[in-house]
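Visitor: build me a model:
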Amino acid sequence: MSDKIFFSIENIKTKKYIGTVGYTVVQITPVGKIVGAGYAILPEHRGQGYATEAFQALIRFAFEKDDVYRLVAGCRSENRASECIMQKCGMIKEAEFKNHTWHDGQMKDRVEYRLLKEEYLCYNEASEKYNKSTDSKSS
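Guide: Reported below is the predicted structural model:
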């Protein structure tokens with residue numbers, strides 16, 4: 001079992017490839033799929049919101065169209081930009097692993113985040129209510 005769903009990320013205006021986003025199904029359960037997700041953006045396109053936008057779309061697809069129940073993503077602890085993307089997408093920090101990954105000649109720590117289907121639905125509902133309240137105040 002290793003179903004993979006990955007999408008290319010393109011600049012809307014130029015149609016040029018700027019990265020990828022997707023997930024691998026690690027288990028199918030009676031309540032839905034458990035997946036490990038990730039994203040990668042070419043260095044010259046980082047810091048412009050592309051990864052956040054693409055990851056939000058992937059999460060929406062996973063929970064609304066692909067019967068995903070649990071989505072997990074992680075990064076090295078030093079990669080604050082990647083961790084911020086997970087936080088902006090409503091994910092919940094689940095673990096911190098000390099000396100987890102060998103990188104650049106040394107062991108590095110790793111953080112992991114999760115989002116369950118019911119958490120996604122609550123987060124989405126709260127976001128929609130907030131957006132409606134701020135829209136009515138600006139009118």
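Visitor: all contacts plus neighbour counts: C-alpha atoms, from now on.
Guide: Fine.
Visitor: what helix or strand does the residue nearest the centre of the chain sit in?
Guide: Against the mean C-alpha coordinate of the chain, by CA atoms, centre = their mean, the closest residue is Phe55 at 4.4 Å. Using DSSP states H and E, the secondary-structure element containing Phe55 is helix 50-65.
Visitor: what's that helix packed up against?
Guide: Judged by 3 or more CA pairs under 8 Å, 6 or more residues apart in numbering; DSSP states H and E, the packing partners of helix 50-65 are strand 17-29, strand 32-41, helix 80-88.
Visitor: please identify the most buried of these.
Guide: Comparing the helices and strands packed on helix 50-65 by mean neighbour count (mean count of other CA atoms under 10 Å), strand 32-41 comes out on top with a mean of 19.
Visitor: partners of that one in the sheet?
Guide: Strand 32-41 has the following strand partners under DSSP bridges: strand 17-29 (antiparallel), strand 68-76 (parallel).
Visitor: convert the C-alpha atoms of it to CSV, please.
Guide: Taking Å, rounded to 0.1, in the frame of the first residue of the first chain, the C-alpha atoms of strand 32-41 are listed here in CSV:
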residue,chain,number,x,y,z
GLY,A,32,-10.7,6.8,6.4
LYS,A,33,-7.2,7.1,5.1
ILE,A,34,-4.1,8.0,7.2
VAL,A,35,-1.7,10.1,5.1
GLY,A,36,1.7,11.7,5.4
ALA,A,37,1.8,15.0,3.6
GLY,A,38,4.4,17.4,2.4
TYR,A,39,5.3,20.3,0.1
ALA,A,40,8.4,21.7,-1.5
ILE,A,41,8.8,25.1,-3.2
